[in-house]
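In: Next input, structure requested:
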Amino acid sequence: MMADLQPGEKVLLEGRAGYEVSWNRGNLTLTDRRLIWERRFSIDPFGEHEMAMPVSAIHSAEARGDAIVLQTDSGEVFLFVQLLPLSMLTGNRRTREWLRELKRVIQAAKREAPAS
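Out: Residues are numbered from 1 along each chain as shown. The predicted structure is shown next:
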């Protein structure tokens, strides 16, 4: 399930996730530089096939129900890292793990950004 990485890029988290809607399933990879989603198991014929976004383009991340909502340079992005029935059983553990790591990487990217 490994995304194509750039030289020196490190994987922080990876797993199956929905992108924009929960049934648009694929592989989600968070690296120290990018958030990458590759369509794999989707039943949505119109959904996106892939997304690679620099972490520096993500301004914030928050949980809304079973979704993680990212505020990005191009608007809101919805990620579903855990299926709803499982999230109720596990207390959204997977969602909290992704959210915590996303926030950490977003803050790191802000600290490394050149002052304008």
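
In: use CA for all of it now, contacts and neighbours both
Out: Noted.

In: counting contacts, what elements does the helix or strand containing E62 pack onto?
Out: Here E62 sits within strand 58-64, counting by DSSP states H and E. Packing contacts for strand 58-64, counted by 3 or more Cα pairs under 8 Å, 6 or more residues apart in numbering; DSSP states H and E, involve strand 67-72, helix 93-112.

In: Within its sheet, name the partner strands of the helix or strand harbouring R25 and how each one runs.
Out: Applying DSSP H and E as the criterion places R25 in strand 21-31. Strand 21-31 pairs in its sheet with strand 11-19 (antiparallel), strand 34-39 (antiparallel), by DSSP bridges.

In: Buried residues, the longest one. List them.
Out: I take that to be strand 11-19. Buried positions in strand 11-19, judged by neighbour count with 16 or more other Cα atoms under 10 Å: V11, E14, G15, R16, A17, G18, Y19.

In: ok, those vs T95, which is closest?
Out: Each of these was scored against T95 by Cα to Cα, and A17 proved nearest at 10.2 Å.

In: what pairs with the closest one across the strands?
Out: If you apply DSSP bridges, the partners that A17 bridges to are G26.

In: from memory it sits against A67, does it?
Out: No: taking contacts as Cα atoms under 8 Å, A17 lies outside contact range of A67: 10.2 Å.

In: what touches both of those two?
Out: Counting by Cα atoms under 8 Å, 6 or more residues apart in numbering, the residues touching both A17 and A67 are L79, F80, V81.

In: So V77 versus V55, what's the distance?
Out: 13 Å (Cα to Cα, to the nearest Å).

In: what sits against the closest residue to D32 other than its chain neighbours?
Out: In this structure, D32 finds its nearest non-sequential neighbour in K10, 5.7 Å apart by Cα to Cα, 6 or more residues apart in numbering. By Cα under 8 Å, 6+ apart, the contact set of K10 is T31, D32, R33.
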